[in-house]
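> one predicted model, sequence on top.
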Amino acid sequence: MNAALLVAGKEVREGVRNRWVIAATLLLAALALTLAFLGAAPAGRVGASALDVVVVSLSSLSIFLLPLIALLISHDAVVGEMERGTMLLLLSYPVARWQVLGGKFLGQVAILAVATVSGYGAAGAALAVAGHDVGPEGWWAFAQMIGSSVLLGAAFVALGMLASALVRDRGTAAGIAVGLWLLMVLIWDMALLGLLVADAGERITAGMLDAALLLNPADAYRLLNLAGLPGLGELSGMAGVAEGTALGPPVLLAALLAWVLVPLAAAAAVFARREL
């Protein structure tokens, strides 16, 4: 485990040197602060606190932005090292392949976590300084949103590492990363909506819909954060889905965790058999 932590530290240092940590933190902070002050305006009209509206806004932002950042920093984790010839050097040390992969995963998730907590935390701090009245439930929802956002990013880091372990060049890995983002963030929901409209409730049951939602980490995250806030169902557009699903927070959290562990285990299995 010490070897994996050393690799993780190396990834974090490289992220700092390549400005990933700074760039991601500044981007998330700028967008979060903008949404915080713009999103606080309609709070009274929807009967919710300013922080609840910000949670909805930031959750919607996270679905589009965090998977993209995660895939950008992870898609060349394995194949990039192999193209540069540094993977052979790294494995010449007393470190197992799973430790290299696990260390890279931990380091990249740490970069994403620092950026997310710092960026989104700035929005919460700004609302507190501005004197908005926020109850304990609002802060709990805000903390849940930040934690699940890190988990969503970790799921896409694992998917990016799996793509990186499967291919032979960085260009292919980048193409797969873009394809994954388009599929899971944009195409999946549009295709699912089209199927529901075409089916008109004849063949697709509630259980089948729940399964389809769990097959996409972005949907599991969306339901966990956007459907669980009282009074904001209409604002988030998830009221109808929330009422028709049997998926509760424990199931959705378990699904997000599975989306982290399963691709990471698959990446480790592929990398263990790969010729250098």
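Arrived safely, thanks for sending. Residues are numbered from 1 along each chain as shown.
> and stretch 16-34, what's its mean pLDDT?
Averaging pLDDT along stretch 16-34 gives 81.
> contact partners of it?
With C-beta atoms under 8 Å, 6 or more residues apart in numbering as the test, stretch 16-34 has contacts from 12, 15, 54, 58, 61, 65, 69, 73, 111-112, 114-116, 118-120, 122-123, 126. Where C-beta positions appear, they are placed from N, C-alpha and C, glycine not excepted.
> flag the shaky bits of the stretch 151-276 of the chain, pLDDT-wise.
227-246 (pLDDT under 70).
> and Val55, what does it touch?
Contacts of Val55 by C-beta under 8 Å, 6+ apart are Gly138, Ala141, Phe142, Met145, Asn225, Leu229.
> try 6 Å
By C-beta atoms under 6 Å, 6 or more residues apart in numbering, the residues touching Val55 are Ala141, Phe142, Met145.
> break down the stretch 151-276 of the chain into its helices, ranges please.
With DSSP state H, counting those that start in this stretch as the criterion, the stretch 151-276 of the chain has helices at 170-181, 188-199, 206-214, 217-226, 233-236, 239-244, 249-273.
> CA-only coordinates of the third one, as PDB, when you get a sec.
Taking C-alpha atoms only, helix 206-214 is exported to PDB below (Å, rounded to 0.1, in the frame of the first residue of the first chain):
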ATOM      1  CA  ALA A 206     -40.800   1.100 -13.600                       C
ATOM      2  CA  GLY A 207     -38.200  -1.600 -12.700                       C
ATOM      3  CA  MET A 208     -36.700  -1.500 -16.200                       C
ATOM      4  CA  LEU A 209     -36.500   2.300 -16.000                       C
ATOM      5  CA  ASP A 210     -34.700   2.100 -12.600                       C
ATOM      6  CA  ALA A 211     -32.200  -0.400 -14.100                       C
ATOM      7  CA  ALA A 212     -31.600   1.900 -17.000                       C
ATOM      8  CA  LEU A 213     -30.900   4.800 -14.600                       C
ATOM      9  CA  LEU A 214     -28.500   2.700 -12.600                       C
END
